[in-house]
Structure formats: C-alpha cells, structure tokens
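Colleague: Pasting the sequence and the predicted model now:
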Amino acid sequence: MTAMSETKKAALSGKYAAYPEYKDSGVEWLDEIPTHWKTSKIKYIAPFQVGWTPPTKNDDNFIGDNIWVNISDLKGKFVKNSSKKISDKAAQEASMDITPKGSLLYSFKLSVGAVSFAECDLYTNEAIASFLDSAELPLAYLYYVLPKFVIENASTNIYGARILNQELIRNALLIVPTYDEANKIAAFLDHETANIDTLIEKQKKLIELLKEKRQAVISHAVTKGLNPDAPMKDSGVEWLGEVPEHWIVLNIQRVLHKIEQGSSPVAQNRTPQQEEFGVLKISSVKKGVFHAKESKTLDSITQYESRFRVTKGDLLVTRANTPSLVADACVVNQEPSFPIMMCDLIYRLVTTDKVDNHFLCMWLLSDFGRMQVEADARGSSMTMAKVSQGHIKAWLTVLPPLSEQKEIVAYLEHANKQFSQLTYKAEKAIELMRERRTALISAAVTGKIDVRHWVAPTTNSDTNEAQHEVMA
C-alpha cells in the first residue's frame, strides 16, 4: 500500500480530501485507487441487453405507439419518448426485450458514451446497451462511471475512431467501491453536477439574451436612426412603420450596379504552383462577419477565376443555405492573405456610392431585412432555401444620407464589439464549468477524492459557492 502522491494531492481542489491510502490499480491508464477498492469487468458487475432495428423496408414496422429509442433520443439524463415508434407486430416478431423503467441506456456505436435513464418501459435499437437494475453497483453510480471506463476498452478503426461492440463492453474494466460508497458518490455527483449544470444554463440564457439584444439594437438603428428627437414620417410600408423624415425608402436595385454570382470550380489534377489559390465555403459568411479561413485550396490555378476574386470591402450575401441562414451577409473586413474567389452559393452586391456596404449589410441582417428574406426564400427541402438576384433587387431598404449611414455603422460596430466581449466571457465561463464538471466526475469515480463523509447542503448557497469555485 502506498500513500497518494503529493503531486496528485496538490492537483485536487482544497474543498475535497483524498483517501488515506492508495494502491496500484494494475491498470496502466488508471494509476492508483483507494486501498479497499477492487477492479473487475463489466460482465461480472453489470448485465445489459441490446435492442434491435426492425426491417426498414417495411413501413408498417414503424407505425405504432411503442417507444423505440435511438442514439439521437439520448439528449438528457432521462428519456421517456422517441422520435420513431415501432408497431406491436414488429416488437413481437423480433422477440425484442423490453428495457424496463429505470434502466441505464448507454450508446456504443457512432456517438459513443451517451447515457440516459429510461423513465418508462421502452425498446431500443442495436446501438444501445441497456444496463438493468440487477447490477451489483447502483445504476446511479454507473451513470457517471460507464462513459469514462468503457471507452478505454474500445478498439480503433483505420480512421482512428474508437469503436465498441458487446464483447468489448463486457470485458471493459471497472473499479468497484462498496455498494454504499458507490451510492454516496452518485449522490455527491448528482448534487454537484446539478449545481454546475444550473450555472451553465444561466450562461446559455445570457448568450441568448445578448443575441436578442444585439438584433434589437441593429433593427432599431437602421430604421429609426441615432437621434431620438428626429422628426418621423410614415414609411408607406405597413411592416416598416415610421422612419426619420429625411430618409428614403427604395428598392435595393436602385443602389446597385450589379449582382455577381461566384463559380463552382471543376475538379482537375493537381499541378505544381507557386502561390496558393482558394474558393470560399458558404460558411465564410456568418451574421455580419467574414471568415476567410472558411475556404478550401484549389487543386490547380486553372480552377481560379480572377473575376470572382474577393477583396476588402466586398458585400457578400449567401444565395442558398438553411432557411435561417439563407441571405446571410457580411462585408470583407480585410484583404485575404491569398487569392480567394466566391463559390457559386455566394453573391457579391456591387453597390453605388449612395450606400455604405456596411450599412446595407446591417439592414439585411435586421429584423426587417430578414422578414423579406423569409417571405421570398424557396427550396426543394426544409434544409435548403434559395434567394434569386431578382429577390434581392426587389427588396426594400431605407437610405439615410451617406454621412448618417457611416455614423450608424460606427455605432453598431462599437455595440457589436461590446456584445461579442460579453458573449465571449459567457462562452468561456461555460467552457470552464464543463471542464470542472468532467474533472469532478473523474476524481470521484477514480477515487482521487473521498466523499464518504459528504453531506448535501441544506441551503441554496452551494450554487453560488460552485460558481465562485469554477470561476476561481
């Protein structure tokens, strides 16, 4: 028996103690474990069953009321419904075992390691292992243990991805505390992770509020201007309402020289070239921001068409995308480091000197711009919508004097910077909380911290305490 190394003790949060004594686990990736813990294989500890998929060629198999869980249904700690159902006949013909309420579902194909508890009796497909309550360890404990331990017994395919099958799961190693101790660890983790999850949700809500506020600021600025005392007039457009008296409402066509559509390069054999040439992906245009790195290198210089080259100041609009992203817009904020051309899913709006490209971009991203996009976007499926050059030319825009456009743009750029900074802080906080959550689970289920004497707080102060600890 050996005492836990000082290095490991130092790595633990001062809030939790280590076990008094440790021993070598005999498992290379696991290192030391508490002296009284054992190692065993899942097949000796936790029985499981695997589901099945009825023949997909028979549509009748999927007309019924029986819950049939797929990996995509494992989205939270509990599952009680499924996107697809199966018929009674399909379940009977397959002799499918019902997964009893309370069982722990573990995904082991494609998306490996998702876990959820069954809130009712249900069926699953063959990519899910259902661990039953006859296990020698509490399922509440296995909920935290399986995602960490089972994957360590996975094999690797030729692409480097980790893959599992039933045999690999059965032979995966677990470390085994006493049943009561496992229950204590599960209760501790339930409480602590719930606190962290609450904080994460608060940050997510903050991010959504920031998005809504940013959208409201843009929409107000490009329709009402920056002077709250400016005389207003009826725009003559029902959905637009009043605009400043000295502004003009007109079709976008009247501030355009032309609209250019990019090109789709034809694949050719790679040829040696001195300079890199590329073509933009549709993802290069995102909510007013240009992402030059969202491009792919062309196989040969002959694929590059200089007339579609993107330069600083260009106003780009996506021609096709998902319904929520079609007609997304941005202005190229700096000259790309190497020649890049537009792909055929991107338009370039070549404007007159009456309009500032940044102002027109903000208008297209405003609620009023998006309203027109949603009215005109059409597609052959719900995942792809398109807008034509004719649509864009027919859309209405407001047109303040050019000097006022530039003032509005400067105001919005400053506001967007502030929103971006606040959003970054919230996203960073979420990242730190998730890291803390993962580290806490790992420390508890591998015995790096001793929670046998932990008592759940009786007040709500622990949530604030958790936030302070994560941010520290």
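Modeller: Yes, it's here.
Colleague: any idea which element Lys205 lies in?
Modeller: helix 179-224 (DSSP states H and E).
Colleague: Run the chain-centre distance for that helix.
Modeller: Its chain's average C-alpha position is 14 Å from that of helix 179-224, according to Cα atoms, centre = their mean, to the nearest Å.
Colleague: Show me what it is packed up against.
Modeller: With contacts taken as 3 or more Cβ pairs under 8 Å, 6 or more residues apart in numbering; DSSP states H and E, helix 179-224 sits against helix 139-149, strand 242-244, helix 357-365, helix 367-376, helix 402-445, helix 461-471. All C-beta spots, glycine's among them, are computed from the backbone N, C-alpha and C.
Colleague: Burial-wise, tell me which of those comes out on top.
Modeller: helix 357-365 (a mean of 24; mean count of other Cβ atoms under 10 Å).
Colleague: Alpha carbons of stretch 50-64, as PDB, please.
Modeller: Coordinates of each C-alpha in stretch 50-64 appear next as PDB, following Å, rounded to 0.1, in the frame of the first residue of the first chain:
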ATOM      1  CA  VAL A  50     -29.100  -4.700 -26.600                       C
ATOM      2  CA  GLY A  51     -32.000  -3.700 -28.800                       C
ATOM      3  CA  TRP A  52     -32.800  -4.300 -32.500                       C
ATOM      4  CA  THR A  53     -34.000  -2.500 -35.600                       C
ATOM      5  CA  PRO A  54     -37.000  -3.900 -37.500                       C
ATOM      6  CA  PRO A  55     -36.600  -4.300 -41.300                       C
ATOM      7  CA  THR A  56     -36.700  -0.700 -42.600                       C
ATOM      8  CA  LYS A  57     -38.200  -1.700 -46.000                       C
ATOM      9  CA  ASN A  58     -41.500  -2.400 -44.300                       C
ATOM     10  CA  ASP A  59     -43.000   1.000 -43.300                       C
ATOM     11  CA  ASP A  60     -45.700  -0.800 -41.200                       C
ATOM     12  CA  ASN A  61     -43.000  -1.700 -38.700                       C
ATOM     13  CA  PHE A  62     -42.700   2.000 -37.800                       C
ATOM     14  CA  ILE A  63     -46.400   2.700 -37.400                       C
ATOM     15  CA  GLY A  64     -47.300   2.200 -33.800                       C
END
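Colleague: Show residues contacting that stretch.
Modeller: Residues outside stretch 50-64 that contact it (Cβ atoms under 8 Å, 6 or more residues apart in numbering) are 68-69, 84-90, 93-94, 96-97, 99, 123-130, 166.
Colleague: Now distance to Ile218 and mean pLDDT too, for the helices and strands packed on helix 179-224, in a markdown table please.
Modeller: Below are these laid out as a markdown table (distance: least, Cβ to Cβ, whole Å; pLDDT from 0 to 100):
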| stretch | distance to Ile218 | mean pLDDT |
| --- | --- | --- |
| helix 139-149 | 41 | 96 |
| strand 242-244 | 15 | 97 |
| helix 357-365 | 6 | 97 |
| helix 367-376 | 8 | 94 |
| helix 402-445 | 6 | 97 |
| helix 461-471 | 31 | 54 |
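Colleague: could the ones you listed go into TSV alongside distance to Lys286?
Modeller: Converted to TSV, the helices and strands packed on helix 179-224 look like this (distance: least, Cβ to Cβ, whole Å):
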stretch	distance to Lys286
helix 139-149	32
strand 242-244	28
helix 357-365	11
helix 367-376	15
helix 402-445	13
helix 461-471	29
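Colleague: Asn157 is nearest to which of the ones you listed?
Modeller: Closest to Asn157 of the helices and strands packed on helix 179-224 is helix 139-149 (Cβ to Cβ; 19.8 Å).
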